[in-house]
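In: sequence and predicted structure are below.
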Amino acid sequence: MSTLGRMPPVVRIAPSPTGDPHVGTAYIALFNYAFARRHGGRFVLRIEDTDQERATPGSEEAILASLRWLGLGWDEGPDVGGAHGPYRQSERLEIYREHIDMLLASGHAYVCTCTRERLDALRQQQMKDKVRLGYDGHCRDLQRARDSGEPYVVRLRVPAEGKTVVHDQLRGPVEFDHAQIDDQVLLKSDGFPTYHLANVVDDHLMGVTHVIRGEEWLTSTPKHVLLYQAFGWEPPQWHHLGLLRNVDKSKLSKRKNPVSITHYREQGYLPQTFLNFLATLGFSMGEDRERFSLQEMIDAFEWSKVSPGGPVFDVRKLEAFNADDIRALSEAQLHERIVADVLDPERIRGMIRLAHERIVRLDDFIPYVSFFFGGSVDYAPVLPKLKLKKRTFAEAAKIIKVFIEEIEKDPQARAFGPEGLEAFARAFGERHEWKPRNLFTLLRVGATGRSAAPPLFDTLALLGKDRVRMRLREFAAALLAHAEVSK
RNA sequence: GGCCCCAUAGUCUAGCGGUUAGGACGCUGGGUUCUCAUCCCAGAAACCCGGGUUCGAUUCCCGGUGGGGUCACCA
């Protein structure tokens, strides 16, 4: 019989610093936090920075700041320390190496020297033959040496026969045939562990008793169970929460929705309101009550009150909650919130820098920078005046959409700094045969709703990625609508 | 496509074998208000389909359908 139930639980949130702090991270963190606090347990924050290619500078700080803003504090983490550190996976490489040695020695893992080319070809062939995708076990029984100088990875030796059952606390037992499970890479050729290895080793070493995470992990959980068994450790209790969705029901993504917590903060949603809204997505108090504080959620938290489906993140209800809560604030409190979240000194300084040479009187400042605030802008006044120089409105809409897409594919543009954006935009224009002047006009109007604005790339950077993306999406739609009526 | 998860109004949800299927957002109509917002009242709107089990299924079981996730040296 497990002893897990009697000990205070230990849970964790394990974000990957690959971009802006994601709403989904806050969502998962909230449920972990509420569960831990409900039972007097520990909440650990661990940074999963094992992907060197996707690591983004400043991302870790932004994630910590966002969670702190929401009031989801952690007991152990990279900034506060704790008994099980370090709390950044990039600082735990030695630990993973030792555990890889253990698995190799016990035969639960093996060295694989297959090249990318071979694996790519294999995948192509499997897709062509319409058979299950996955590693074919080429190196499985070959006893490859690690010291030959040849690049290698280490793979999990999944038993050929049988099955593994994941006892998900929200969904009941879920069975997976071993024939369905790939020989997962545990150690990459750059010496870094993959999520699967690092996650299991760290969770065990940090004493994590309950893994509360998104449903996207459910299908890889049998691999994790196998790893616990290989090490001879007792696995934690699994809880896979439904995934937040876009309005079209697909997994919440920046392509279709603003997803950075920073964006919601700058838009002026109150932290406790934002949390309350997230809580109603999947958790229900009962008694027809949906307005409650974090503390009230903690006091009432039970898994039976959590539903497994993936809820749509519909900002309209959040808006209603927020309006309600703003009304309930005193004037002093409202003042404090506006100063802290909307008039953030750093953002204001950025606006002052841009307005400095362009205003006549001091109070021109507010109207001049007004487009930096708020969400959508009205394109109706500028659309009739927009000159496209031999391009149709449909073409313009198209290029805007492609622009939004390609931002994410470019590391420089993704970071959303002025220089990176400009370099990207110029190259983008060349690639798609759009003159900078015409392309930039389009971007300016789309992002600001004005034909005259401060230098484009400083402006975009200061507006923030989510706001720009959201407005450009709406602008593309407005261009299309305009094309229709002017036919 | 294989495997896995999920399924009550447009959206978030309550329900845990017998209910006029409840609440919230949104929507519609009306009232209060100099306008707007607030506030108040009223209304339209849901159990995916087909088989079982049962005296009785929204509720339990099976199948289908639909949606989602996942199949990387990303997490």
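Out: Okay, I see it.
In: flag every residue of the stretch 1-150 of chain A that's near RNA strand B.
Out: Along the stretch 1-150 of chain A, the residues adjacent to RNA strand B under the rule CB under 7 Å from any atom of the strand are A:14, A:16, A:18, A:48, A:50-51, A:54, A:114-116, A:119, A:123, A:130, A:132-135. Yep, even glycine has a C-beta here, placed from its N, CA and C like the rest.
In: counting only helices, which of the residues you listed make the cut?
Out: Among those, the members found in helices (DSSP state H) are A:116, A:119, A:123.
In: residues in contact with the second one?
Out: Same thing as A:Leu119. Going by CB atoms under 8 Å, 6 or more residues apart in numbering, A:Leu119 touches A:Tyr135.
In: quick check, pLDDT for it.
Out: Looking at A:Leu119, its pLDDT reads 90.
In: tell me how far the residue lying closest to A:Gly374 once chain neighbours are set aside lies from A:Thr56.
Out: Setting aside the residues directly before and after it, A:Gly374 is nearest to A:Gln267 in space (CB to CB, 6 or more residues apart in numbering), at 8.0 Å. Per CB to CB, to the nearest Å, A:Gln267 is found 22 Å from A:Thr56.
In: more neighbours, those two?
Out: Relative neighbour count places A:Gln267 above the other of A:Gln267 and A:Thr56, with 22 against 16, counting by other CB atoms under 10 Å.
In: packing partners for the helix ranked longest in chain A?
Out: The longest helix of chain A (DSSP H) is helix A:465-485. Counting contacts by 3 or more CB pairs under 8 Å, 6 or more residues apart in numbering; DSSP states H and E, helix A:465-485 is packed against helix A:261-266, helix A:393-407, helix A:436-448.
In: now it, how far from the centre of its chain.
Out: What separates the centre of helix A:465-485 from the centre of its chain is 24 Å, taken as CA atoms, centre = their mean, to the nearest Å.
In: what's the average pLDDT for that helix?
Out: Confidence for helix A:465-485, expressed as mean pLDDT, is 89.
In: quick one on the thing from earlier: now that we have the residues of the stretch 1-150 of chain A next to RNA strand B, which of them are buried?
Out: Neighbour-count burial (16 or more other CB atoms under 10 Å) applied to these gives A:14, A:16, A:18, A:48, A:50-51, A:114, A:119, A:134-135.
In: quick one: which two of those are the most distant?
Out: A:Ala14 and A:Cys114 (28.8 Å; CB to CB).
In: ok, A:Leu243 to A:Pro271 distance?
Out: Applying CB to CB, the value for A:Leu243 to A:Pro271 is 23 Å.
In: and those two? Which one has more around it.
Out: Taking other CB under 10 Å, A:Leu243 and A:Pro271 do not tie; A:Pro271 has more neighbours (21 against 18).
In: end to end, how far does stretch A:361-373 reach?
Out: Taking CA to CA, to the nearest Å, stretch A:361-373 runs 20 Å from one end to the other.
In: what's that stretch in contact with?
Out: A:342, A:347, A:351-352, A:354-355, A:358-359, A:377, A:448-450, A:453, A:462-463.
In: ok, now stretch A:392-407?
Out: With CB under 8 Å, 6+ apart as the criterion, stretch A:392-407 contacts A:255, A:388, A:413-414, A:416, A:424-425, A:428, A:432, A:434, A:439, A:442-443, A:446, A:465, A:469, A:472-473, A:475-477, A:479-480, A:482-483, A:486.
In: output it as PDB, restricted to C-alpha atoms.
Out: Taking C-alpha atoms only, stretch A:392-407 is exported to PDB below (Å, rounded to 0.1, in the frame of the first residue of the first chain):
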ATOM      1  CA  THR A 392      -4.900  44.100 -53.900                       C
ATOM      2  CA  PHE A 393      -6.400  44.100 -50.500                       C
ATOM      3  CA  ALA A 394      -6.500  40.400 -50.600                       C
ATOM      4  CA  GLU A 395      -2.800  40.200 -51.300                       C
ATOM      5  CA  ALA A 396      -2.100  42.600 -48.500                       C
ATOM      6  CA  ALA A 397      -4.100  40.400 -46.100                       C
ATOM      7  CA  LYS A 398      -2.200  37.400 -47.300                       C
ATOM      8  CA  ILE A 399       1.200  38.900 -46.700                       C
ATOM      9  CA  ILE A 400       0.200  40.100 -43.200                       C
ATOM     10  CA  LYS A 401      -0.800  36.500 -42.300                       C
ATOM     11  CA  VAL A 402       2.400  35.100 -43.700                       C
ATOM     12  CA  PHE A 403       4.300  37.700 -41.800                       C
ATOM     13  CA  ILE A 404       2.700  36.700 -38.500                       C
ATOM     14  CA  GLU A 405       3.500  33.000 -39.200                       C
ATOM     15  CA  GLU A 406       7.100  33.600 -40.100                       C
ATOM     16  CA  ILE A 407       7.900  35.700 -37.000                       C
END
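In: and that stretch, what's buried?
Out: Residues of stretch A:392-407 classed as buried by neighbour count (16+ other CB under 10 Å): A:393, A:396-401, A:403-404, A:406-407.
In: low-confidence ranges in the stretch 1-150 of chain A?
Out: Scanning the stretch 1-150 of chain A for pLDDT under 70 picks out the ranges A:1-6.
In: mind listing the helices for it?
Out: Under the criterion DSSP state H, counting those that start in this stretch, helices of the stretch 1-150 of chain A are mapped to A:23-38, A:59-70, A:93-106, A:116-129.
In: pull the distance from the shortest one to the chain's centre.
Out: Right, helix A:59-70. Distance of helix A:59-70 from the chain centroid (CA atoms, centre = their mean) equals 12 Å.
In: who are the packing partners of it?
Out: Applying 3+ CB pairs under 8 Å, 6+ apart, one finds that helix A:59-70 makes contact with helix A:23-38, helix A:261-266, helix A:271-280.
In: next, the angle from the first one to helix A:271-280.
Out: Put simply, helix A:23-38 runs at 90 degrees to helix A:271-280, going by axes from the mean of the first three to the mean of the last three CA atoms, to 10 degrees.
In: good, wrapping up.
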